[in-house]
Structure formats: C-alpha cells, structure tokens
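Chemist: Output the structure for:
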Amino acid sequence: MACATAPIRRRSSVTNTAADVDQTIDEAFLALGMTAGGTLGACEVERVLKHLLTLKDPHNDADSICAAIDINEDGHLDPNEFHRYIHPTVMRYAAAGKPLDVQDILRDAFRATIESDTATRNKIIQAFMQATSDFEAASRKKSWALPVNKGWMHKLYSDAFDEPKDAKAPRYKHSRTGYLTKRLTELQVIPRNPKSEEARAKEDFCKSIGCPNQEDLVAFCGGWLARLALEGVGGVSGTKSDCSAG
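Modeler: Just a heads-up that it's a prediction; the model follows:
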C-alpha cells in the first residue's frame, strides 16, 4: 500500500500546548491516509512514527509501540488511542513546566515498553544463536566432514517468532514469547504413531523449511528451549484466534 509522505508541520516546543501535541499527531496520521474508519495499520503507524521521532530500531520499536497502544491486537490504530497512551506524559511535562516537545514526549512515553521488548528480543536471539552453535557442534561430532545447513533453522526462527504464518500467532512480537515456547514445545515432541495426522503435519513442516529430518528438528527445538530457559525466557501462552499475524 502506497502512502503519501507529505511533510509534517513542526512547531516550536517552547510555545507548544497539549492541543498542539495532539494536532501534530493527528497531522501525521492524516498525512499517511487513514482508512474510512479513521485508523491505520501497523505498517502505516511505523511510517507515522518516522515523522514524529527518531527510533534506534524503527521496525521493532514500532512493533513495541503498536502493541502497547493496540490493546485488542486487531491491527488497527487511530489517533485517539495514541493520544490516550501519551496523555499522562503530556500532563506530566506540562505540570513540571517542561517544553512540550513532541519527540521528547513520545520517546519518554514509549521508553519503558521499547526497552523491555528489546531486552526480551535480544535474549531470544541470543538463545537462538547459542542453540544453533550447540547443534552445529553436535553435528560435527557425528560427521565432521559434512557442512551443517543452518538455513532451515533461520526459517524456523521466522515461523516461530519473527514472522509466523499461523493465524493464531500474536500480531506483535511483544506478545510472541509464549507463542514461541509453545511452538517449540510442540515441535520437539515425536508423534507416537508415525502415520498419524500429527506426524504427517510435522513431516510437511520439516519439508517446508528444508529441515533434513524430524530428528534434527526435535533436537534443535529442544536445544533452543533449553537456551531460552537459561536466558530466563519462557512461558506457554500467547495465541489468538480473531486476526492474522502481522
């Protein structure tokens, strides 16, 4: 979806009022063409944020912000939801006599959720990298001359956490930790009946990501779960049924 990129008019933070802050945000939403219902999707909200503040990790930080605002995870955000979330910060700045700079206010309002999500995401990535190294080391002990194909592991990372295709996966990464551990737990179980529907589904999944065999998938999922536990990341929860992942 192509979005307009009309420049957002900036005001002096010294003379800004709370109404000016609201108007700046409204203008950013309007510049990118809200739907008939007055909302934007997460992709468009990410572009709105680029008009309003500088983010260290634009895509993932926008994911954290959208998750904080979009309580029902329907994927649609409107200016009013944005205003409600940052209003306490605006009032705190005003009460303290601080300039109502939009970028400072937004950075302050979203700092906690961004820092928390970044820390969790880094632990998940670290656990994945360690599990990959563990699996590679174990594979070389069995057959040191053969190279280890890591491509399927990265596809598993995408499926289980980064960009899951499962319609029941939480829309935002902020909420996917429980989904990740649940998915890995399911995949590390070997079906008792090799001809069961469950076994066929696992075999199909192995083929879809290019994993050589189910034994490798089971071993890697178990290793990743173990590394997640060492990082203090876990919990089985976090699915939804009313909207697709994004």
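Chemist: quick check: domain ranges of the chain?
Modeler: Using automatic domain parsing, the domains assigned to the chain come out as 18-107, 119-230.
Chemist: which parts of the lowest-mean-pLDDT helix or strand in the chain are buried?
Modeler: Ranked by mean pLDDT, DSSP states H and E, the weakest helix or strand in the chain is helix 42-52, scoring a mean of 82. Across helix 42-52, burial judged by 16 or more other Cβ atoms under 10 Å covers 42, 44-52. Heads up, the C-betas are built off the backbone N, CA and C, glycines and all.
Chemist: Okay, helices next: where are they in the chain?
Modeler: With DSSP state H, the ranges of helices along the chain come out as 18-31, 42-52, 58-69, 79-95, 102-142, 151-157, 177-187, 197-209, 214-230.
Chemist: Worst mean pLDDT among those helices?
Modeler: Among the helices of the chain, helix 42-52 has the lowest mean pLDDT, at a mean of 82.
Chemist: sorry, back to before: could you export the domains of the chain as TSV, including distance to Thr113?
Modeler: Putting those into TSV (distance: least, Cβ to Cβ, whole Å) gives the following:
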stretch	distance to Thr113
domain 18-107	5
domain 119-230	7
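Chemist: Any idea how many residues pack against Pro147?
Modeler: 9 (other Cβ atoms under 10 Å).
Chemist: For Phe205, see how far away it is.
Modeler: As judged by Cβ to Cβ, to the nearest Å, Pro147 and Phe205 stand 23 Å apart.
Chemist: again, but for Glu186
Modeler: For Glu186, the distance to Phe205 (Cβ to Cβ) stands at 10 Å.
Chemist: cool, Gly75 as well?
Modeler: With Cβ to Cβ as the criterion, Gly75 and Phe205 are 26 Å apart.
Chemist: Comparing those two, which residue is more hemmed in?
Modeler: Applying other Cβ under 10 Å to Gly75 and Phe205 shows that Gly75 carries more neighbours, namely 19 against 16.
Chemist: pLDDT value on the more buried one, please?
Modeler: Gly75 is given a pLDDT of 85.
Chemist: Isn't it up against Gly41?
Modeler: Yes - with contact defined as Cβ atoms under 8 Å, Gly75 counts as touching Gly41 (5.7 Å).
Chemist: Could you list which residues are in contact with the closest residue to Gly222 other than its chain neighbours?
Modeler: Nearest residue to Gly222, sequence neighbours excluded (Cβ to Cβ, 6 or more residues apart in numbering): Gln188, at 4.5 Å. Contacts were defined as Cβ atoms under 8 Å, 6 or more residues apart in numbering; by that measure Gln188 touches 217-218, 221-222, 225.
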